[in-house]
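In: coords please:
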Amino acid sequence: VQLVDSGGGLVQPGGSLRLSCAASGFTFSSYHMRWYRQAPGKERELVAFISNTGGVTNYDDSISGRFTISRDNLKKMVYLQMNSLKPEDTAVYFCNAVDIFNRYVYWGQGTQVTVSS
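Out: Here you go, the predicted model:
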């Protein structure tokens, strides 16, 4: 089982990044997916959720309207499109998978996003 996060980097305020999470070793279409982030000195927080079919999405209020979560079940990928980035979005972003029966939980290794001029 593996989740590999990628796509982070350094971006100026107002810029955009697209994070990717590649899944392998499990039945991806049976897992709800989430993106979390953790800023230095802070707890990990939920950013976005997408259901196993992609039919339901939810976002934290702090990023609503700026970020979009999506998934491709054939490619076993989940994405986080981040627009209008702010310095307070700086954090390590983690992909998370939880099966639809809440039995199994997997995490990606994280990808650093830094928003700075």
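In: every contact and neighbour count from this point should use C-alpha atoms.
Out: OK.
In: nearest the middle, which residue of the chain would you pick?
Out: With distances taken as Cα atoms, centre = their mean, the residue of the chain nearest its centroid is residue 35 (2.8 Å).
In: partners of the strand or helix carrying that one, with directions?
Out: Assigned by DSSP states H and E, residue 35 falls within strand 31-38. Strand 31-38 pairs in its sheet with strand 45-50 (antiparallel), strand 91-99 (antiparallel), by DSSP bridges.
In: ok, back up a step: check what pLDDT the residue nearest to the centre of the chain gets.
Out: Per-residue pLDDT puts residue 35 at 98.
In: now do residue 62
Out: The model reports residue 62 with a pLDDT of 88.
In: neighbours around it, how many?
Out: 11 (other Cα atoms under 10 Å).
In: now swap in residue 38 and tell me
Out: 19.
In: tell me who's in contact with it.
Out: Applying Cα atoms under 8 Å, 6 or more residues apart in numbering to residue 38 gives the contacts 44-45, 91-93.
In: what's across from residue 99 in the sheet?
Out: Residues in a beta bridge with residue 99, per DSSP bridges, are residue 31.
In: that one: neighbour count?
Out: Residues within reach of residue 99, counting by other Cα under 10 Å, total 19.
In: hmm, residue 51 and it touching each other?
Out: No. With contacts counted by Cα atoms under 8 Å, residue 99 stays clear of residue 51, the gap being 9.9 Å.
In: what is in contact with these two at once?
Out: Counting by Cα under 8 Å, 6+ apart, the contacts common to residue 99 and residue 51 are 31-32.
In: tell me the one of the contacts of residue 38 nearest residue 25?
Out: residue 93 (21.2 Å; Cα to Cα).
In: now do the strands in this protein.
Out: With DSSP state E as the criterion, the chain has strands at 2-6, 9-11, 17-24, 31-38, 45-50, 57-59, 67-72, 77-82, 91-99, 105-107, 111-115.
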